[in-house]
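Student: Just the structure for this:
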Amino acid sequence: MSDLDETKNSNRRLDSWKEIAAFFRRDERTVKRWEKERGLPVHRLQGSTTGRVYAYSDELLHWMKSPVPAEPLAPTMEPAAVDLASPAVEVPQTPSLRQVTPKQSSQNLRRRASDKVRPARRRWMIGALVLAALLIVTGGVLYFKRSPSRSVRQDASAGKSPAAGHTPNAEARDFYLKGRYEWDKRTPESLQQAVDYFTQAIVHDPNYAQAYVGLADCYNLLREYSEMPPEEAYPRALAAAKKGVELDDSSAEAHTSLAFATFYGSFDAAGAEREFRRALVLDPNDARAHHWYATFLFAEGHYPEALNQIELAQQLDPASNAILADKGLILLHAGRREQGVALLKQLESIEPTFLSTYRYLQNAALMEKDYPAYLEAAERVARLSHNERKLAIVKAGEKGFARGQGRGMFESMLEEQKKFYAEGRLPAYDLAQTYALLENKPEALAYLQRAYDHHELGLTSIRNNVAFEELHSDPAFRKLVTRVGLPALP
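Tutor: Below is the predicted model of the structure:
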């Protein structure tokens, strides 16, 4: 039971800044700032010359639940004082991972009790209306349309932005902060709720660039953490990100969101590279820019550079589960598999419902040909993402493994995949993977070509997919890698 849970039933006294910080799972610098700027109820011992303080848990809980102050808190909190891993990627023991928790701003912890979740139908209706307006404003966004080449200014002060320096009204800012809080959880439900909050922020302030960025970020992740198809998610992400850049070209966050959607939505690696570099020039301390740039470099097979960027992101935001999970993935492919698995396992023990951890552990199990572990991780992915198709495929794999070990598992999974593919409910890329694992190169290549013809998202991971390692020497496969826009295989 956590400190917060315990104090629901009993009041207790906290006798130092260290204990107060531990109560909130934050560093001492943050809670001291809260006391100075936000009225955190902290008491001082009379006559103390050493600055000794104390606080009562009931008062702290009441402070968290109190109405939102007129001047909102920053959308993110200061990083925790202790990093999870050093630049040398020394993975510490599990106890030190207590600091790895989802970021929570006190702004969001003190949400008004009257706020209620709106029905899903209304939420998506509002979101669709806003995105429809965006498509009209931006002249329409064609799915997977490759952006024309253009130079990117490297001067952070260059260009004129209609809303640069724009101050949002209090209502819009409040909805934006709530949206970021939900977005950071990265679950199907929280991302849908974040869409609602960001949409409400735009309704209250149509010139609020950051709200469009938040909306873009939701759609950038919904195709990964929910069943929203890429062809639905990426046009919305691109439209919202472009609107954010249009309103504030000096926003590093807007350029980062646009870079992500440009690569994964349009297969435009050159355009994405420019946008990422633009973002990092504008704000070298933007953790998300370093994080998503790392995943982009990883997709291109530039592992040392990717590891460097993910470590910079971790230093800037050491409490991010997403950064830690992606670091584990990069380590898996960068020749440091044991460290990668150790990091993912420790993250699993701290945050057992975080989807990416199991997706990457599934990759690790496939590398080791540990098929029971592979099936276990795959089932967790299916259940956490509420994907019934994936779950049915996993269950078929379990039966096949019981009959014929690894080959029986893949054969049974393939039969189930074919059914969903025939119904138009599964991408060709998934069948290509299974055929490759069954060492059926002709069929694997045929389905990869179908995936390319339909511009399927999975192709962005083609260089790093363990299933295709035996195809790396095949001329047709090597050509496909470059056609997708990725660097040629060595």
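
Student: Could you pick out the longest helix of the chain?
Tutor: Longest helix in the chain, counting residues (DSSP state H): helix 388-422.

Student: and that helix, what does it pack onto?
Tutor: With contacts taken as 3 or more Cβ pairs under 8 Å, 6 or more residues apart in numbering; DSSP states H and E, helix 388-422 sits against helix 371-384, helix 428-437. C-betas here are computed from N, CA, C, even on glycine.

Student: contacting residues around Tyr447?
Tutor: Shown in contact with Tyr447 (Cβ atoms under 8 Å, 6 or more residues apart in numbering): 428-429, 431-432, 435.

Student: Which one (most neighbours) among the residues you listed?
Tutor: The most crowded member of these, judged by other Cβ atoms under 10 Å, is Ala432 (28 neighbours).

Student: My read is that it contacts Leu448, right?
Tutor: Yes: if you go by Cβ atoms under 8 Å, Ala432 and Leu448 touch, sitting 4.5 Å apart.

Student: Test my guess that Ile462 contacts Lys479.
Tutor: No: contact criterion Cβ under 8 Å: Ile462 and Lys479 do not qualify, at 11.7 Å.

Student: quick revisit: can you give the distance of the longest helix of the chain from its chain's centre?
Tutor: With Cα atoms, centre = their mean, to the nearest Å as the basis, helix 388-422 stands 28 Å off its chain's centre.

Student: mean confidence score for that helix?
Tutor: Throughout helix 388-422, pLDDT has a mean value of 96.

Student: Equivalent analysis for stretch 175-193, please.
Tutor: Average pLDDT, stretch 175-193: 91.

Student: and what of stretch 272-292?
Tutor: For stretch 272-292, the mean per-residue pLDDT is 95.

Student: For that stretch, buried residues please.
Tutor: Neighbour-count burial for stretch 272-292 flags 272-283, 286-292 (criterion: 16 or more other Cβ atoms under 10 Å).

Student: Nearest residue to Leu414 in space, please, no chain neighbours.
Tutor: Thr434 (4.6 Å; Cβ to Cβ, 6 or more residues apart in numbering).

Student: Check that neighbour and give its pLDDT.
Tutor: Looking at Thr434, its pLDDT stands at 98.

Student: more neighbours, Ile462 and Lys479?
Tutor: Neighbours per residue, other Cβ under 10 Å: of Ile462 and Lys479, the larger number sits with Ile462, 23 against 11.

Student: Provide a list of residues in contact with that one.
Tutor: The neighbours of Ile462, taking Cβ under 8 Å, 6+ apart as the test, are 448, 468, 480-481, 484, 486.

Student: For the residues you listed, which entry has the maximal number of neighbours?
Tutor: Leu448 (27 neighbours).

Student: got a list of what that residue touches?
Tutor: For Leu448, the residues meeting the contact criterion (Cβ under 8 Å, 6+ apart) are 428-429, 432, 459, 462, 477, 480.

Student: before we move on, what about Gly179?
Tutor: Gly179 sits next to 194-198, 201, 211, 214, 218 when contact means Cβ under 8 Å, 6+ apart.

Student: any chance of the contacts of Tyr447 in a markdown table, with distance to Tyr264 too?
Tutor: Shown next, in a markdown table, are the contacts of Tyr447 (distance: Cβ to Cβ, whole Å):
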| residue | distance to Tyr264 |
| --- | --- |
| Ala428 | 17 |
| Tyr429 | 13 |
| Leu431 | 21 |
| Ala432 | 18 |
| Tyr435 | 24 |
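
Student: Can you tell me which of these is nearest Lys418?
Tutor: The nearest member of the contacts of Tyr447 to Lys418, counting by Cβ to Cβ, is Leu431 at 7.0 Å.

Student: what's the helix or strand for the residue nearest to that closest one when sequence neighbours are not counted?
Tutor: Nearest non-adjacent residue to Leu431, counting by Cβ to Cβ, 6+ apart: Tyr447, 4.7 Å away. In the assignment (DSSP states H and E), Tyr447 maps to helix 441-453.

Student: Check Arg478 too.
Tutor: Once you assign secondary structure using DSSP H and E, Arg478 falls within helix 475-483.

Student: Domain map for this structure?
Tutor: Using automatic domain parsing, the domains assigned to the chain come out as 3-109, 120-368, 384-483.

Student: what about Glu415, neighbour count?
Tutor: 13.

Student: So it sits against Lys399, correct?
Tutor: No: assessed by Cβ under 8 Å, Glu415 is found out of contact with Lys399, at 10.4 Å.

Student: Where does the residue nearest the centre of the chain fall, secondary structure wise?
Tutor: Nearest to the geometric centre of the chain sits Ala322, at 5.4 Å (Cα atoms, centre = their mean). If you go by DSSP H and E, Ala322 is part of helix 321-333.

Student: List the contacts of that helix.
Tutor: 84-85, 89, 100, 102, 186, 287, 291, 294-295, 298, 303, 306-307, 310-311, 313-314, 317, 337, 339-341, 343-344, 347, 351, 354, 356-357, 360, 363-364, 367, 464.

Student: List buried residues within those.
Tutor: Among the contacts of helix 321-333, those classed as buried by neighbour count (16+ other Cβ under 10 Å) are 84-85, 89, 100, 102, 186, 287, 291, 294-295, 298, 303, 306-307, 310-311, 313-314, 317, 339-341, 343-344, 347, 351, 354, 356-357, 360, 363-364, 367, 464.

Student: So which of those residues are in strands?
Tutor: Among the buried ones among the contacts of helix 321-333, the subset assigned to strands under DSSP state E is empty.

Student: Which positions within stretch 186-200 qualify as buried?
Tutor: By 16+ other Cβ under 10 Å, the buried positions in stretch 186-200 come out as 186-188, 190-200.

Student: Mind checking which of the residues you listed land in helices?
Tutor: Using DSSP H, the buried residues of stretch 186-200 in helices are 188, 190-200.
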